[in-house]
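Colleague: Please work out how this folds:
(2 chains)
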Protein chains: 2
Amino acid sequence: MMTLTVYADSTPNPYKVTILLESLGLDYDLVHLDFSKNEQKTPEFLKINPNGKVPVLVDDGFTVIESGAILMHLAEKHGRFLPKDVQKKSETLQWLMWQMAGLGPVFGQLLVFAVAFGNEMPRATKRYQAEVLRLLSVLNSGLEGKDWVAAGEHTNADMAIWPWVRMTERAQIPLVDMPNLKRWYERLGQMDAYITGVEILGDKPEETRMKGFFGATVGVGS
Amino acid sequence: MMTLTVYADSTPNPYKVTILLESLGLDYDLVHLDFSKNEQKTPEFLKINPNGKVPVLVDDGFTVIESGAILMHLAEKHGRFLPKDVQKKSETLQWLMWQMAGLGPVFGQLLVFAVAFGNEMPRATKRYQAEVLRLLSVLNSGLEGKDWVAAGEHTNADMAIWPWVRMTERAQIPLVDMPNLKRWYERLGQMDAYITGVEILGDKPEETRMKGFFGATVGVGS
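Modeller: Here you go, the predicted model:
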């Protein structure tokens, strides 16, 4: 019997995987690790992922780390949410890489400096705020006249990016002057796989500490 | 006639692409943009890559952004440096994603706080120093008993990671207690494609400002 096990916490990168699994209609087991208790750094978990991060997918005994690699593995295996046409496939992967190397790490650092460091280094916080807004603006332009991020169809690039755009809502960063992004974000947020993919993991209460802070300092309206 | 054009600066992400192109023995045109003159942000270049970053590959009129997506595009197109076996291909992509989402962004932030911000926020600098060393240590463990990062063969994961490990040498971060990483790094550095891939782009003189700084503060021996 084939089994799928996902190791996850209530954070954007694991949401990508549950959204894809829900979109594919697959059954899977969930192992919830709590980052705030350092459960990603136990000796047992480091045997599964020596890099000490979630998500991890174990697909019938084969371990896949890194959310971007998990999305590609599942999409290629099931032949869905990744176009076969060479240029459309590349366009999908380009936006996936843009998220993995850009929006995700930069937004992650913003949360570190704003929340974990309590904005005690405002120059650093501002640097990441500006870069998050720049990246969101690039995405907004990319979505001009389009329903999906890449390839004119629903791909794993949408699933990789959406959970990080969702963090703007959690952090009360208003998507002012980004009508394409707002429209795309809200439409996907009404799809069953996106709703269930988030609900099954829940949210971290710590994020509420961001509220107000960003609304007061980003300064791009409401 | 097919043409390949690479937009690049003298930095690790573009080296990945020139190393792969040299490994494939392909001819290509090089457009050198100087980041210190903001040449990645001109209106002309933003038409090619709205994200304003290098490398960019234009493959016979088809534009590919993000170094990780360029490596995958070229490797899949030419059927080399990316295994066809499902698990080996995934293992290669996992390490590529690990570099794109982890080692690259974290090392990049370390350079920002150490060099651009002149270490005026030492808590931030230390945070990235510690994370770079943790990631290098994970890589060193992954290379135990192995000649290549992934799949038991030379893949684009080696080409993605090597230029960032090279930055440890530029920054004088000694690879103490990382014998597997040191052996792999030095062996690849003697291969023609790696030598030429770097030489064709050159090095940024600004990096010399890191010297001494890291040797004095990392504190992991020599």
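
Colleague: Residue ranges of each domain in chain A, please.
Modeller: For chain A, the structural domains run A:4-80, A:86-196, going by automatic domain parsing.

Colleague: What's the first helix or strand after the lengthiest helix in chain A?
Modeller: For chain A, the helix with the greatest residue count under DSSP state H is helix A:122-142. Sequence-wise, the next helix or strand downstream of helix A:122-142 (DSSP states H and E) is helix A:156-170.

Colleague: Give me the contact status of the next helix or strand after that next one with chain B.
Modeller: Counting by DSSP H and E, the next helix or strand C-terminal to helix A:156-170 is helix A:179-188. No - using CB under 8 Å from any CB of the partner chain, helix A:179-188 stays clear of chain B, coming no nearer than 13.0 Å. C-beta coordinates here come from the backbone N, C-alpha and C atoms, glycine included.

Colleague: Residues contacting helix A:179-188, please?
Modeller: A:136, A:139-141, A:143-149, A:158, A:162, A:165-166, A:175, A:194 (CB atoms under 8 Å, 6 or more residues apart in numbering or on different chains).

Colleague: go on, stretch A:54-63?
Modeller: The contact list for stretch A:54-63 (CB under 8 Å, 6+ apart) reads A:2-9, A:11, A:13-14, A:16-17, A:33, A:35, A:40, A:48-49, A:64-65, A:67, A:70, A:73-74, A:77, B:87, B:90.

Colleague: related to what we said a few turns ago, hmm, the longest helix of chain A touching chain B?
Modeller: Yes - with CB under 8 Å from any CB as the criterion, chain B is reached by helix A:122-142 at A:123-124, A:127, A:135, A:138, A:141-142.

Colleague: Out of those residues, who's the most crowded?
Modeller: residue A:124 (25 neighbours; other CB atoms under 10 Å in any protein chain shown).

Colleague: Residue A:64: how many residues sit nearby?
Modeller: When neighbours are defined as other CB under 10 Å, residue A:64 has 24 of them.

Colleague: do the helix or strand where residue A:47 lies and chain B meet at all?
Modeller: Secondary structure assigned from DSSP H and E places residue A:47 in helix A:43-48. No - in terms of CB under 8 Å from any CB, no part of helix A:43-48 sits within range of chain B; the closest distance is 9.5 Å.

Colleague: same question for that helix, mean pLDDT?
Modeller: In this model, helix A:43-48 has an average pLDDT of 96.

Colleague: Tell me the helices and strands packed up against the longest helix of chain A.
Modeller: When contacts are defined as 3 or more CB pairs under 8 Å, 6 or more residues apart in numbering or on different chains; DSSP states H and E, helix A:122-142 packs onto helix A:104-111, helix A:156-170, helix A:179-188, helix A:213-217.
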